[in-house]
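S.K.: sequence and computational prediction follow.
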Amino acid sequence: MNIRLAKKKDGQKVLELLSQVLELHAKIRPDIFISGTTKYNLSDFALMLKDKEKPIYVAVDDKDQVLGYAFCQIKEQPFSSNMVQFKSLFIDDLCVDENYRGQGLGKEIFNFLKEEAKKLDCYEISLNVWAGNDKAQAFYDKMGLKPKETQMEYIL
């Protein structure tokens, strides 16, 4: 397996994987996520490929077929003047094709991102996990991530 920056030709497979993630979230929170949609479309994907602050990495096999991806954002922190300034690599979305899960690809992608974050002089890697996505939570726990803050809701 190889991990590289995404290319335009990867778009259709990445959209298929985005659909896998969306359907998982739609099962967990049908009140928020709309089944049959995706977070991004091909136009969004093409624009993001040009944005150096939003790198997209893909894990590919020896035939250059996409097996997984990581949509990232490089963010300058913090949001207020009473906090220390630092750079963060935010994982906006990470997915391994459901046909290849459990084979260590997610760990390889995450380890790659750690090295990229170091090269970019980031202080941290951060991400969000939806409550109820227990497999993702367990994976990130295993990767050594710790809770930073908790977003809470009260549904009216």
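M.R.: Now that the structure is in, tell me what you want to look at.
S.K.: what does the longest helix belonging to the chain rub up against?
M.R.: Taking DSSP state H as the criterion, the chain has its longest helix at helix 11-28. Under the contact criterion Cβ atoms under 8 Å, 6 or more residues apart in numbering, helix 11-28 has outside partners 6, 32-35, 37-42, 45-46, 56, 58, 65-66, 68-69, 93, 95, 97-98, 130-133. Backbone N, C-alpha and C define where each C-beta goes, glycine included.
S.K.: quick check: buried residues in it?
M.R.: 11, 13-15, 17-26 (16 or more other Cβ atoms under 10 Å).
S.K.: what packs against the helix or strand following that helix?
M.R.: Using DSSP states H and E, the helix or strand that follows helix 11-28 in sequence is helix 42-49. If you count contacts as 3 or more Cβ pairs under 8 Å, 6 or more residues apart in numbering; DSSP states H and E, helix 42-49 packs onto helix 11-28, strand 56-60.
S.K.: ok, now which ones touch residue 56?
M.R.: 5, 6, 14, 45, 48, 49, 69, 70, 71, 72.
S.K.: for it, give the beta-bridge partners.
M.R.: With DSSP bridges as the criterion, residue 56 is bridged to residue 71.
S.K.: phi and psi next, for the residue minimising distance to the centre of the chain.
M.R.: Centroid-nearest residue in the chain, with Cα atoms, centre = their mean: residue 93, separated by 2.1 Å. Here is the backbone geometry of residue 93 (degrees, to the nearest 10): phi -160, psi 130.
S.K.: kindly report the same for residue 127.
M.R.: Torsion angles at residue 127 (phi, psi; degrees, to the nearest 10) stand at phi -170, psi 170.
S.K.: excluding chain neighbours, what is closest to it?
M.R.: Closest residue in space to residue 127, ignoring its immediate chain neighbours: residue 91 at 4.0 Å, by Cβ to Cβ, 6 or more residues apart in numbering.
S.K.: give the helix, strand or coil label for that neighbour.
M.R.: Recorded secondary structure, residue 91: strand (DSSP: H, G, I helix; E, B strand; the rest coil).
S.K.: so it is in contact with residue 75, correct?
M.R.: No: judged on Cβ atoms under 8 Å, residue 91 makes no contact with residue 75 at a distance of 11.0 Å.
S.K.: out of those two, which sits in the busier spot?
M.R.: residue 91 (22 against 16; other Cβ atoms under 10 Å).
S.K.: re the thing from before, and the helices and strands packed on helix 42-49: which comes nearest residue 85?
M.R.: Among the helices and strands packed on helix 42-49, the nearest to residue 85 by Cβ to Cβ is strand 56-60 (25.6 Å).
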